[in-house]
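J.: Fold the following for me, if possible:
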Amino acid sequence: MTKIDILVEGYAKEIENGWNASSNVTLVTSNSKNIIVDPGCNRKLLLDALEKHKLKTGDIDFVLNTHNHTDHTLLTSIFENAKVITTDEIYAGDHQVEHNNKIPETNLEIIQVPGHTPKHCALVVKTEKGTYVIAGDVFWWIDNEEQKIDIKKKILRIRAIWKN
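T.: I've put the predicted structure just below:
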């Protein structure tokens, strides 16, 4: 059975001189493998969430980064046993291994999607309740902004979705 849990709900708040932001952090369990999608950058929230799920950083088998923005990738290295997956490569430590658009030993498929960076990817997760796609920042809203899809919206962070 494949299971999906949101460990950390993402947030984005514009502050003076920048942002206070971290991505959604998702845990997918499939064939006894623990996969983190976008580990984010809030260490305390992530470690607390792992503890609630009775997991340690060493229990994570794979980390998938949907794209290369720091608010999604900063904590990748805390998972000491995990293979790291991006849109087109898998690394086990300093060794690159073959990539076939699947997470090894699972039925989880990695697909290319439009996003706000080149080489944006998403994870297709088939569960007993249906098929889900975990796709960091394909749709992006600032905290307290109305969540509606407007293909003509001019904000840089989502404009790329509609240009690709």
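J.: and the nearest residue to Asp61 once chain neighbours are set aside, what are its bridge partners?
T.: Closest residue to Asp61 apart from its sequence neighbours, by Cβ to Cβ, 6 or more residues apart in numbering: Lys33 at 4.5 Å. C-beta here means a position set from N, CA and C on the backbone, and glycine is covered the same way. Beta-bridge partners recorded for Lys33 (DSSP bridges): Ser30.
J.: what's the spacing between Lys33 and Ile134?
T.: From Lys33 across to Ile134, the span is 15 Å (Cβ to Cβ, to the nearest Å).
J.: Out of those two, name the residue with the larger neighbour count.
T.: Between Lys33 and Ile134, counted using other Cβ atoms under 10 Å, the more crowded position is Ile134 (21 against 16).
J.: How about the contacts made by that one?
T.: Ile4, Thr26, Val28, Val37, Thr66, Ala122, Leu123, Val125 (Cβ atoms under 8 Å, 6 or more residues apart in numbering).
J.: For it, which residues count as its bridge partners?
T.: Under the criterion used (DSSP bridges), Ile134 bridges to Leu123.
J.: Looking at it now. What's its pLDDT?
T.: Among the per-residue scores, Ile134 shows a pLDDT of 94.
J.: Go ahead and confirm Val63 touches Glu80.
T.: No. Using Cβ atoms under 8 Å, Val63 is not in contact with Glu80, being 10.9 Å away.
J.: The contacts of Ile134: which two are farthest apart?
T.: By the measure Cβ to Cβ, Ile4 and Thr66 form the most distant pair in the contacts of Ile134, at 14.5 Å.
J.: Quick check, central residue of this structure?
T.: The residue lying closest to the centre of the chain (Cα atoms, centre = their mean) is Asp38, at 2.8 Å.
J.: that older thread, who's more crowded, Ile4 and Thr66?
T.: Set Ile4 next to Thr66 and count neighbours by other Cβ under 10 Å: Thr66 wins out with 29 against 17.
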